[in-house]
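*Asks:* Here you go, sequence then predicted model.
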Amino acid sequence: MITVGLFVPCYVDQYYPQVALATLRVLERHGVRVEFPEEQTCCGQPMANSGCTEEARPLAEKFLRVFGGYEYVVAPSGSCVSMVRNHYQPWLAGRRGFDHLRAHTYELCEFLHDVLHLEQVEGHFARKVGLHRSCHAQRELRLASSSEQSVPPFDKVKKLLSGLGGITLLEPARTDECCGFGGTFAVAEEAVSCQMGRDRIAEHEKNGVEVITGVDMSCLMHLDGLLRREKRPLQVRHVAELLAGEG
């Protein structure tokens, strides 16, 4: 039996704990033993994105101490996983256990597809669903092809979701465009960030979707804020909730 350490991002822990619980249920349903180390903290991405690299370093070091002994680490977040795999190198290169941690930290859908070798996940979600591809997951983790690549199109998340009974998956015309969140970008460039989010929402509305889903709750949180303020009926749900059959 595979054992994983479940890493829960800050915003999921504080605002969307149901996403962490759905992740747990999906993993356990597929025969994975899950442990949640309670001493875990932020991965350091917000500080690193703001240029505060020395403030982020201790968090990277703690992440290695907490998760370094696990066979795999899984998180319901493309951006946090990308932080570990692609941006810890300057601080942790040469540290014992880091190469293993870096190679064995996965986003949930990536783990299901690449490690458990699932083509689809059985379940039921009878809604019209708009698929949002977040930037880190698509371009740094390569969960899906992007328009600047000369490769056959692929999408691991879409493949997994397509097995759900009753689901209708719909994509915006510009499938790999940023939602505008960008972490601290949404704070520094609020007007631009909000307009980018409205553009994404408009394309999903044009498709007549009921729910927008994706692998990063941070992006979905940004879109949900716009939807709530403008009193639009669309809902956002993390992909883990759909895979867990929570309609």
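*Replies:* Arrived safely, thanks for sending. Residues are numbered from 1 along each chain as shown.

*Asks:* where does the chain have its least confident helix or strand?
*Replies:* Sorting the helices and strands of the chain by mean pLDDT, DSSP states H and E puts helix 185-188 at the bottom, at a mean of 76.

*Asks:* Which SSE is immediately downstream of that helix?
*Replies:* helix 190-206 (DSSP states H and E).

*Asks:* Let's see stretch 6-15 as CSV, backbone CA atoms only.
*Replies:* Written as CSV, here are the backbone C-alpha positions of stretch 6-15 (Å, rounded to 0.1, in the frame of the first residue of the first chain):
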residue,chain,number,x,y,z
LEU,A,6,-1.1,15.1,2.7
PHE,A,7,-0.1,18.7,2.3
VAL,A,8,-3.0,21.2,2.7
PRO,A,9,-2.3,24.7,1.4
CYS,A,10,-3.0,27.6,3.8
TYR,A,11,-6.0,29.0,2.0
VAL,A,12,-7.6,25.5,1.7
ASP,A,13,-7.0,25.0,5.5
GLN,A,14,-8.5,28.3,6.4
TYR,A,15,-11.3,28.8,3.9
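
*Asks:* Quick one: residues in contact with that stretch.
*Replies:* 19-20, 23-24, 27, 34-36, 40, 42-43, 63, 67, 73-77, 80, 105, 217-218, 221 (Cβ atoms under 8 Å, 6 or more residues apart in numbering). No exception for glycine: its C-beta is placed from N, CA and C like everyone else's.

*Asks:* Only the buried members of those: can you turn that into a ChimeraX selection?
*Replies:* Remark: buried members of those, expressed as a ChimeraX selection using 16 or more other Cβ atoms under 10 Å:
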select :19,20,23,24,27,34,40,42,43,63,67,73,74,75,76,77,80,105,217,218,221
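
*Asks:* Among the contacts of stretch 6-15, which lie within strands?
*Replies:* Of the positions in those, 34-35, 73-75, 105 sit in strands, assigned by DSSP state E.

*Asks:* Can you list the low-confidence ranges for the chain?
*Replies:* Filtered on pLDDT under 70, the chain yields the residue ranges 246-247.

*Asks:* ranges for the strands of this structure?
*Replies:* Secondary structure of the chain, counting by DSSP E: strands at 3-6, 33-35, 72-75, 105-107, 123-124, 128-131, 164-165, 168-170, 211-214, 235-238.

*Asks:* quick one: buried residues of the first one?
*Replies:* It stands for strand 3-6. Going by neighbour count (16+ other Cβ under 10 Å), the buried part of strand 3-6 is 4-6.

*Asks:* just the last one next, same as before
*Replies:* Buried residues in strand 235-238, counted by 16+ other Cβ under 10 Å: 236-238.

*Asks:* And this protein, split by domain according to the record?
*Replies:* Here the domain parsing of the chain from automatic domain parsing is 3-115, 123-243.

*Asks:* mind listing what residue 66 touches?
*Replies:* Shown in contact with residue 66 (Cβ under 8 Å, 6+ apart): 5, 37, 39-40.

*Asks:* likewise residue 181?
*Replies:* Going by Cβ under 8 Å, 6+ apart, residue 181 touches 193, 197, 218-219, 221-222.

*Asks:* Which one of those residues is nearest to residue 185?
*Replies:* residue 193 (6.0 Å; Cβ to Cβ).

*Asks:* wouldn't the closest one be in contact with residue 178 here?
*Replies:* No: counting by Cβ atoms under 8 Å, residue 193 stays clear of residue 178, with 9.3 Å between them.
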